[in-house]
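In: here is my input; please provide its structure:
(5 chains)
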Amino acid sequence: MNSNVEGVVNCAAYSEGCRIATIPVEAISDHLLEPNRFVWIGLHDPSGSILKQIQEEFQLHELAIEDALRAHQRPKLETYGETLFIVVRTVQMNYESRELDFGETHFFVGKNFIVSIRHGYSRAYSEVRARCESTPQLLRKGPGFALYAVMDSIVDGYFPVIDELGQELEVLEERIFSEKPSREMTKQMYDLKRQLVEVKRAVSPLIDVCTRLMRFDLEVIPEDTRPYFRDVYDHVIRINEMVDSTREILATALEANFSLVSISQNEIQKRFAGWAAILAVPTMIAGIYGMNFKFMPELDWQYGYPVILSIIVIACGLIYSGFKRAGWL
Amino acid sequence: MNSNVEGVVNCAAYSEGCRIATIPVEAISDHLLEPNRFVWIGLHDPSGSILKQIQEEFQLHELAIEDALRAHQRPKLETYGETLFIVVRTVQMNYESRELDFGETHFFVGKNFIVSIRHGYSRAYSEVRARCESTPQLLRKGPGFALYAVMDSIVDGYFPVIDELGQELEVLEERIFSEKPSREMTKQMYDLKRQLVEVKRAVSPLIDVCTRLMRFDLEVIPEDTRPYFRDVYDHVIRINEMVDSTREILATALEANFSLVSISQNEIQKRFAGWAAILAVPTMIAGIYGMNFKFMPELDWQYGYPVILSIIVIACGLIYSGFKRAGWL
Amino acid sequence: MNSNVEGVVNCAAYSEGCRIATIPVEAISDHLLEPNRFVWIGLHDPSGSILKQIQEEFQLHELAIEDALRAHQRPKLETYGETLFIVVRTVQMNYESRELDFGETHFFVGKNFIVSIRHGYSRAYSEVRARCESTPQLLRKGPGFALYAVMDSIVDGYFPVIDELGQELEVLEERIFSEKPSREMTKQMYDLKRQLVEVKRAVSPLIDVCTRLMRFDLEVIPEDTRPYFRDVYDHVIRINEMVDSTREILATALEANFSLVSISQNEIQKRFAGWAAILAVPTMIAGIYGMNFKFMPELDWQYGYPVILSIIVIACGLIYSGFKRAGWL
Amino acid sequence: MNSNVEGVVNCAAYSEGCRIATIPVEAISDHLLEPNRFVWIGLHDPSGSILKQIQEEFQLHELAIEDALRAHQRPKLETYGETLFIVVRTVQMNYESRELDFGETHFFVGKNFIVSIRHGYSRAYSEVRARCESTPQLLRKGPGFALYAVMDSIVDGYFPVIDELGQELEVLEERIFSEKPSREMTKQMYDLKRQLVEVKRAVSPLIDVCTRLMRFDLEVIPEDTRPYFRDVYDHVIRINEMVDSTREILATALEANFSLVSISQNEIQKRFAGWAAILAVPTMIAGIYGMNFKFMPELDWQYGYPVILSIIVIACGLIYSGFKRAGWL
Amino acid sequence: MNSNVEGVVNCAAYSEGCRIATIPVEAISDHLLEPNRFVWIGLHDPSGSILKQIQEEFQLHELAIEDALRAHQRPKLETYGETLFIVVRTVQMNYESRELDFGETHFFVGKNFIVSIRHGYSRAYSEVRARCESTPQLLRKGPGFALYAVMDSIVDGYFPVIDELGQELEVLEERIFSEKPSREMTKQMYDLKRQLVEVKRAVSPLIDVCTRLMRFDLEVIPEDTRPYFRDVYDHVIRINEMVDSTREILATALEANFSLVSISQNEIQKRFAGWAAILAVPTMIAGIYGMNFKFMPELDWQYGYPVILSIIVIACGLIYSGFKRAGWL
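Out: Sure, this is the predicted structure:
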């Protein structure tokens, strides 16, 4: 069975934390009847027909299945009877385009099953599943633990992105205070801001999702699994705070940059004024001795020309040193 | 009966989710007495007299009817005894004037009736009604489901508008970083901001409305209809967040634009200063050799003129390349 | 009795919603003893002595009476035993000075009485009282309804003011994008902001006042009067939101204006630079041919002068069209 | 006993609202044993030893005494068993330095005692005490009423300060729109902002303190004293709102000022550009007729000079009136 | 045993508030069995193996131990059964690099033990331990008191840092209003802002931690220890408020600085314009008398040259004094 073609990546039944069989979709409902057994199925961009089948096997609510078909949901947790429907957004830094690629993973979690549905950019969860299978003493806690393992891996995926954005800010910061203000720097700050807003939008609703997973009386999350979700919650809060402080510092960087543009304007004006004065004085003096008056005694002096030249040079020198001292040049 | 003239668009009685008859307004109260039956009436800019009649047929509260006559209410949900009065604002992008056209729809929802009253710009709900009638198994849930269907269609109408505004922002963004700052670009950013504020004002009170519809113990919304309102709630939250992030990015765009105006000012000043220097130097040198001193040996040299000309050209060349290297030209 | 001199504008007893007598202040306590009767008294800038008398007749709390003497209270609702003390601020647009005139009205509301005390700018409530008296079926609900009628009329007084401010903003907006930035425009934006802050301060505490009037278990507001206060609450919320969005748009207008000032600066600089270049080039060329070198062949050419003149004109023409194309002129 | 030397300003026992004796510190514990009696002691910058004695007499908690020794607490209310520990900040405008002087008053309030400890700038409370003693019918309510009297006097001390700051803002506002922008004006706005932040920090925690004094079930504040604290609460809220709106208007004033600086920059540039053009045109024309071409027919015309002079004057006149019309001069 | 090598700094058992023995890690579990005894162990950058041993001795939750291994946690309080896990961030001003060095301390607190784990920059807590041991009457309250003592010392460590930042702001403020705006000043403001954001991030989650320590029903914090945590809470709130007001004033300082940059720009422009005019006028006049017209009567006058020179000097003088009066020079 090339299950991947239909969007099914992996479908297995677990008992006492151990994988007992890879099962076809049609066999799911049979396994669900067995006691102490749960089914974990992973889908990727599933077709409508496979989702329909999934819905029937697990008896999921129609509205939730409609949501699961469409990507671009916001992160949320909804309860349909005893089944949880959870939407989480995944993120990856695309190092080529310097853009963030967002994906989405939806979960259906019931007492004895967990369905994960990946949309768009997102690593497969086979590694997470393997890690879970290697610790049956934890996985025996049930689908709640599997949910934790995948969510934890998704949330941990935000840290390198945030670190990357933080480093971008540091690079920008370095450039702001050492280079001349430029359009490109402004563009980079703008892009960074946009990415922070996007990450914030993906992360902040998770606070609420985690709060409900760790506090509320959701039956599918057993008592002893809740501390794990507190761990996820903690990470989400930290990412959120990192985004917030990066945003705040970026805002100050924007202001600082702006201030530096103005200061640089002042400097340009000062230097321009200084050099304008240095060039204007000889022009003025030369203009005066270029007048055609009949009786201008200086013009007839033998050393008139070198004297005036010297005066010009001295005047320019004085002006230059004056401006230099005032810090204009 | 040309009901539309009086403002009545469609008035029908339903039983078990199936339309059983189109009924005149006068017959409504009779139908309300039948068990397992509900009446769905749609009005458009109704006159006071027809509203008066509606009030009597459904025994609605006077204050609510007064509200229903006036447009320009803010979105809200009010309970009068067991009847809900709901105000929702509709939106449409007017692609000609690039303006947003807002309309209003008021609802009266009781145990066995729903009245929808459209004011101003707003598509008719005949399509929604047709869709409901095609799924009697859902419509049998009663007027609460009809309310959901219309509200869902109204809220979905916000998405294309938000997408449009988001695209406008992207176009603006593109222009900000590629074109020269202009008055017209500032005007566009301002208009975009104004539209975002308007959409926000229309959408944000809906959060509260939906929260009450899906959580509170409102009798006219049956238990099994609430998940549907959670869906509407989810959309409202998403629209709200999209507006908020668009606003935040727009604010940064405004700042970035402002920064670019200043950077462009710097560039103008630099180029001006550079060219001023290049023009001032020959003027100064020429001025000096325009002086009328009797004894200026250079003037008598045979190659004085070409030498000075060359000096001028070289000086200008040096200045030019100096400014070029400094990035001022 | 010229009651107005002492500050008493109107004092009457009502039974079953009908005015039964205009009574002197001294007779109030007698009327209060009668069943099914309430007293409605209106004061305007009352003296301390008349307030003292009122206090005795109605047995009001000393602290509340102290408050009632002083204007410049913030809007609030306080309970003293079973008596409500309410402060509301009234507003009027002074079309001559373009300033807002704020007044204050205080209310004491008990089971069988209502006292209204106007301070400063404020229309008389005789019209409201007349309207109430014309609908005895409503006024029979008691002093709570009278309170509603006056508060409703006060709150409705804010709408024309907000509309006026909104129109001012629109006029400003029009000017910002069509006229040159000016001091006077900045002043107008500042004044508008100040007025919005003032209106906000007068209106926003009313949200809390209305919430308590419509929700809490205040005995003097009978059950069937609460929907009316919900109506007032709704208006207050709307005014509040209108002020908030006007403020937000004004803030963007300030930024846009600022951006336009800078853009206009850029334009001035560009045009200045352009014309400076056009004037500097002939000066430079003329300077060169003003040099006194013995051997300058061009000077002796017969057509040297017209050729140079043509060169100057052509150079200026080229520079002009170059700047024109670059959008600097 | 020169009690003031040790920091004791006034120590008296009261019974039924009447002062019965000025007592030494050592006798306090004896008086506390008497029924229907309370002790009111006022300290000013007390030494550690006298505080130690106070602690023993009233049996106060060690942590609270430590707090009472140190100034620079933030306003707060803490309960130690049945004893309240309250910190309030006092303020005075220093009209010489135009600075705000903040002081602190700490209170210990028990069922039958009140201790007030003043630190730093603060008027003595002898006047408040005298006023209380003159109304024994109120003071008989106990230490809670004494606490109200002192807190009320402290809070009332904020109004003149806020009024002063509000007037400063009005003066600034006047100057911003009538004078040239200056460093000193910016400094004043900055200082005003700083003072507003300081007042806010001193006042805003009082909201919480008053809320607890008027609502919570604190045994030492008798039922009939709570309306008095509501009065204090009301004043605190008003001060808080006044600070907030002053801050908001100040923020707009800062922006307006900034806008005016830019507008003034534009005007300078325009006038400079205008005069530069008026001076550059004659220079250019004169330069042309200063060229040394052999064949320049105009030079030989008899009226060449006056004609050129007239042309120069006319050109300058045209330029001048052109700029005048464009509003640049 | 060189316990420090393995990361164990100090490990002792206490009974009735008195240190009874320094014990090896292996002996901990034996001591925990004794009644009325608690163990206090301090670790510094412990290895994984020692933490493993600690986990076994105290039977700690695996997730908490994982957290304790990694630094860069955010401050938090978590409960694992009856054990508290607390993370607090420590701060020190590095006076050389003018940077803030943050460290972290994790605590495990149980009924009869407290484990403190220091990571990164942080003073040792030996001094705090010594102080506790010198007051056995307090230390007998148990591990809760030891936790208070260390947390109090950590939180007190923030005050000098905040004071330092406050003084930096004052220095900056002084410079802003007395010196010319410079890049370096902008850099300093930016750095100060960044440090404030970092302190805020370290302190603000402590509010929540302290609130839970002083209010909630945590068994390991005995009733009589809670007032001590209220003290810590109070300090945290104060630090938080100090950071907030410093931030707000810094924001205004940034704006003021910006305003001053613009004002300084205006001044440069004015002075430049003034001197340009003073230099341009002689150039223009000299240009006119440098024209080569045959018939220019002034040129033949004997005193033409000195007269023109005087006119030039007078004109410049008039212009100078005019600009001086207008405040441009």
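
In: on the pLDDT front, check A:Met1 for me.
Out: As summarised for this prediction, A:Met1 has a pLDDT of 39.

In: the residue in the stretch 201-329 of chain A that chain C sits nearest to: what secondary structure?
Out: As assessed by C-beta to the nearest C-beta, chain C sits closest to A:Gly290 within the stretch 201-329 of chain A, at 6.9 Å. Backbone N, C-alpha and C define where each C-beta goes, glycine included. What DSSP: H, G, I helix; E, B strand; the rest coil gives for A:Gly290 is coil.

In: quickly find the element holding A:Val87.
Out: Applying DSSP states H and E as the criterion places A:Val87 in strand A:83-94.

In: may I see the buried residues of that strand?
Out: Neighbour counts over strand A:83-94 (16 or more other C-beta atoms under 10 Å in any protein chain shown) mark A:Thr83, A:Leu84, A:Phe85, A:Ile86, A:Val87, A:Val88, A:Arg89, A:Thr90, A:Val91, A:Gln92, A:Met93 as buried.

In: can I get those in TSV with pLDDT and distance to C:Gln195?
Out: As requested, the buried residues of strand A:83-94 are arranged in TSV below (pLDDT from 0 to 100; distance: C-beta to C-beta, whole Å):
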residue	pLDDT	distance to C:Gln195
A:Thr83	90	55
A:Leu84	92	51
A:Phe85	92	49
A:Ile86	94	49
A:Val87	94	45
A:Val88	94	47
A:Arg89	94	44
A:Thr90	93	49
A:Val91	93	46
A:Gln92	90	51
A:Met93	89	49
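
In: now those in TSV, with distance to chain B?
Out: What follows is the buried residues of strand A:83-94, written out as TSV (distance: C-beta to the nearest C-beta, whole Å):
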residue	distance to chain B
A:Thr83	12
A:Leu84	13
A:Phe85	10
A:Ile86	13
A:Val87	10
A:Val88	15
A:Arg89	12
A:Thr90	18
A:Val91	15
A:Gln92	20
A:Met93	19
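
In: up against chain D, what does the stretch 201-329 of chain A have?
Out: Counting by C-beta under 8 Å from any C-beta of the partner chain, the stretch 201-329 of chain A comes close to chain D at A:Gly290.

In: looking at the stretch 201-329 of chain A, what residue ends up closest to chain B?
Out: For the stretch 201-329 of chain A, C-beta to the nearest C-beta, closest residue to chain B: A:Ala286, 3.4 Å.

In: and that residue, how many residues sit next to it?
Out: A:Ala286 has 25 neighbours, counted by other C-beta atoms under 10 Å in any protein chain shown.

In: so what does the residue of the stretch 201-329 of chain A closest to chain C have for phi and psi?
Out: Here is the backbone geometry of A:Gly290 (degrees, to the nearest 10): phi -100, psi 0.

In: the residue of the stretch 201-329 of chain A closest to chain B - nearest residue in space that isn't next to it in sequence?
Out: B:Gly287 (3.4 Å; C-beta to C-beta, 6 or more residues apart in numbering or on different chains).

In: report the angle between the host helix or strand of A:Tyr233 and strand E:83-94.
Out: According to DSSP H and E, A:Tyr233 maps onto helix A:226-288. Per axes from the mean of the first three to the mean of the last three C-alpha atoms, to 10 degrees, the angle that helix A:226-288 makes with strand E:83-94 is 20 degrees.

In: separation between A:Pro222 and A:Phe145?
Out: Counting by C-beta to C-beta, to the nearest Å, the gap from A:Pro222 to A:Phe145 is 8 Å.

In: of the two, who's got more company?
Out: Counted by other C-beta under 10 Å, A:Pro222 and A:Phe145 do not tie: A:Phe145 has more neighbours, with 22 against 14.

In: residues contacting the more buried one?
Out: A:Cys132, A:Leu138, A:Leu139, A:Thr225, A:Tyr228 (C-beta atoms under 8 Å, 6 or more residues apart in numbering or on different chains).
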